[in-house]
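Colleague: Quick one: sequence and predicted model below, then my questions.
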Amino acid sequence: PADQPTGAPSPSPAPAPPPLFGAAESEPPTTARTTRAPLTLSPFGSAPTPTQQLDRVFHEHGQPTPRSSVAGSTDAARSPPSERQSVLSPVVDPLSSEGINPNAPKLVKVGFVTEPSMAILERLSDDELAAVHAFAVERPDFGRVEWLGRVDVRGVDLDRDVRICERDGPPEVEVYDDDDASKPAVGSKLNRPAIVTLLNVGPGADASEAECAKWSRRVEKATKRMGASLVDFDPVSGVWKFKTPHF
């Protein structure tokens, strides 16, 4: 304007308006949280996911799983929650060589099996090994021992302590050696009630009725002599089953 004095200071510029978009610098950005479902591991679980199968293959060959074979973290953040579980959760193979309990029972003898299987027993915790239900050792085509109730099998050497028809002569089952000073007390470990089944005992399918009756009397007397109770004996099939209070 013409009436403005010469040399007067120019008016200060108006302050800039606040930004229309975005939060103020003093407000930290919020971070979205992803709720992760718990991962349940069990040897009886469902079939492995493709990611678990791939990890298993590379684990067996001693190589790490290539990260390009699974979705990256960016893809995982963009994927729906239902598809995010297999990426975010740790992949643990229950059949890997890791996680074997050193207190599991020992069995390397050829021709012997256990129930539950050794593969399962080796994965149990100490608390679970201390109370295994319906534990059994079997030598197929020869015999079987099934313990009643829950049995503490921690540190049991089945190779040494359980013998099923391993000597020449009539079929027999031995649990512990009577001369072994370390034999557990009655009621503990394997020295407890069990059902014993022996096979190939009797005259055979071609035997006469008189011979079968003779064998039945012999088996009954032998069972009582052991302090056991007869459960069943079939002289034709040769199956002898009895219950013993201990070994």
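Modeller: Looks like it came in fine. The structure displayed is predicted, hence computed values, not measured ones. Numbering: from 1, shown residues only.
Colleague: which is the next helix or strand following the lowest-mean-pLDDT helix or strand in the chain?
Modeller: Lowest on mean pLDDT, DSSP states H and E among the helices and strands of the chain sits helix 81-88, with a mean of 41. Next in sequence after helix 81-88, counting helices and strands by DSSP states H and E, comes strand 113-115.
Colleague: and that following strand, what's its mean pLDDT?
Modeller: On average, the pLDDT along strand 113-115 is 98.
Colleague: buried stuff in the helix or strand containing Arg160?
Modeller: Here Arg160, judged by DSSP H and E, is contained in helix 158-161. The neighbour-count check on helix 158-161 (16 or more other Cβ atoms under 10 Å) flags Leu158, Asp161 as buried. For glycine as for every other residue, the C-beta is placed from the backbone atoms N, C-alpha and C.
Colleague: which residues sit against it?
Modeller: The contact list for helix 158-161 (Cβ atoms under 8 Å, 6 or more residues apart in numbering) reads Pro105, Lys106, Leu107, Val108, Lys109, Phe112, Thr114, Val137, Val175, Tyr176, Leu190.
Colleague: pLDDT value on the last one, please?
Modeller: Think Leu190. 98.
Colleague: That one touches Lys183, doesn't it?
Modeller: No. Judged on Cβ atoms under 8 Å, Leu190 makes no contact with Lys183 at a distance of 9.7 Å.
Colleague: between the two, what contacts are shared?
Modeller: Both Leu190 and Lys183 are contacted by Tyr176, under the criterion Cβ under 8 Å, 6+ apart.
Colleague: Counting neighbours, go ahead and name the busier of these two.
Modeller: More crowded of Leu190 and Lys183, by other Cβ atoms under 10 Å: Leu190, with 23 against 17.
Colleague: Excluding sequence neighbours, find me the nearest residue to the more buried one.
Modeller: Residue nearest to Leu190 in three dimensions, not counting chain neighbours: Val175, with 5.5 Å by Cβ to Cβ, 6 or more residues apart in numbering.
Colleague: Quick check: that neighbour touching Val145?
Modeller: Yes. Counting by Cβ under 8 Å, Val175 does reach Val145; the two are 6.6 Å apart.
Colleague: so what sits against both of the two?
Modeller: Common neighbours of Val175 and Val145 (Cβ under 8 Å, 6+ apart) are Val162, Ala194.
Colleague: so who does His246 touch?
Modeller: Val186, Gly187, Asn191, Arg192, Pro193.
Colleague: Just the strands from this structure, written as ranges.
Modeller: According to DSSP state E, the chain carries its strands in the segments 113-115, 132-133, 136-139, 143-147, 150-151, 162-164, 173-175, 194-198, 229-234, 239-244.
Colleague: Just put those in a markdown table and tack on distance to Glu209.
Modeller: As requested, the strands of the chain are exported to a markdown table (distance: least, Cβ to Cβ, whole Å):
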| stretch | distance to Glu209 |
| --- | --- |
| strand 113-115 | 36 |
| strand 132-133 | 41 |
| strand 136-139 | 31 |
| strand 143-147 | 26 |
| strand 150-151 | 40 |
| strand 162-164 | 30 |
| strand 173-175 | 28 |
| strand 194-198 | 22 |
| strand 229-234 | 14 |
| strand 239-244 | 18 |
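Colleague: Indicate which one of the ones you listed is closest to Gly204.
Modeller: Smallest distance to Gly204 across the strands of the chain (Cβ to Cβ): 11.4 Å, for strand 229-234.
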